[in-house]
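1. below is the structure, and that's it, no one-letter string:
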């Protein structure tokens, strides 16, 4: 058995020697080629590295721009929604609504149309024009201030309240 093992070892050793010789020949061939092709190869690698760096920078910039664009889109959507909400509030106030929150709650039931809401829910709006309190064509005309043409006797009113309180004019002189 030793002979058989020894014979197979020699065959294996011979194959290894042959493989080493081929490997050395290939290395010599490659070295010869690499001396000629090295500058082109290094130049190509440098160009690829530059291109990779450039593309990475573009990707980073695009990611920043995408984030910024998404932020701006969000802000724009928020501002549009706020503007629409304000527009509805102003329309309701111009229509004479008594309670904006209540009107906004009911507005969806009337296709977000203030005129339809006013027609369907007149109690929610102040009466204006010909149908105002007092029934006159020009409205009531009240400002909440006393009428400029009305006479008032503040002294008489004050005297009346002093008498009710038990105070007299004699107390005032002392």
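-> Thanks, I have the structure now. The model shown is predicted, which means the values in this text are computed figures rather than measured ones.
2. C-alpha only now, for contacts and for neighbours.
-> OK.
3. what number of residues are in the vicinity of residue 103?
-> By the measure other Cα atoms under 10 Å, the count of residues near residue 103 is 21.
4. let me see the contact set for it.
-> 92, 97, 117, 124 (Cα atoms under 8 Å, 6 or more residues apart in numbering).
5. quick one: the strands in the protein?
-> Secondary structure of the chain by DSSP state E: no strands are present.
6. in it, which spans are helices?
-> For the chain, applying DSSP state H gives helices covering 2-94, 100-107, 114-120, 154-165, 169-173.
7. tell me the average confidence for the shortest one?
-> Read it as helix 169-173. For helix 169-173, the mean pLDDT works out to 58.
8. likewise for the third one?
-> Model confidence over helix 114-120 averages 89 on the pLDDT scale.
9. what is that helix packed up against?
-> For helix 114-120, the contact count by 3 or more Cα pairs under 8 Å, 6 or more residues apart in numbering; DSSP states H and E identifies helix 100-107 as packing neighbours.
10. buried sites along the helix it packs on?
-> 100, 103, 104, 106, 107 (16 or more other Cα atoms under 10 Å).
11. swap in stretch 43-53?
-> Within stretch 43-53, no residue is scored as buried using 16+ other Cα under 10 Å.
12. pLDDT averaged over that stretch - what is it?
-> 90.
13. just to revisit the earlier point, including distance to residue 68, could the buried residues of helix 100-107 go into TSV?
-> Formatted as TSV, the buried residues of helix 100-107 follow (distance: Cα to Cα, whole Å):
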residue	distance to residue 68
100	36
103	37
104	34
106	38
107	36
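14. closest one of the residues you listed to residue 71?
-> Residue 71 has its nearest neighbour among those in residue 104, at 29.0 Å by Cα to Cα.
15. give me the distance between the closest one and residue 115.
-> Separation of residue 104 from residue 115 (Cα to Cα, to the nearest Å): 13 Å.
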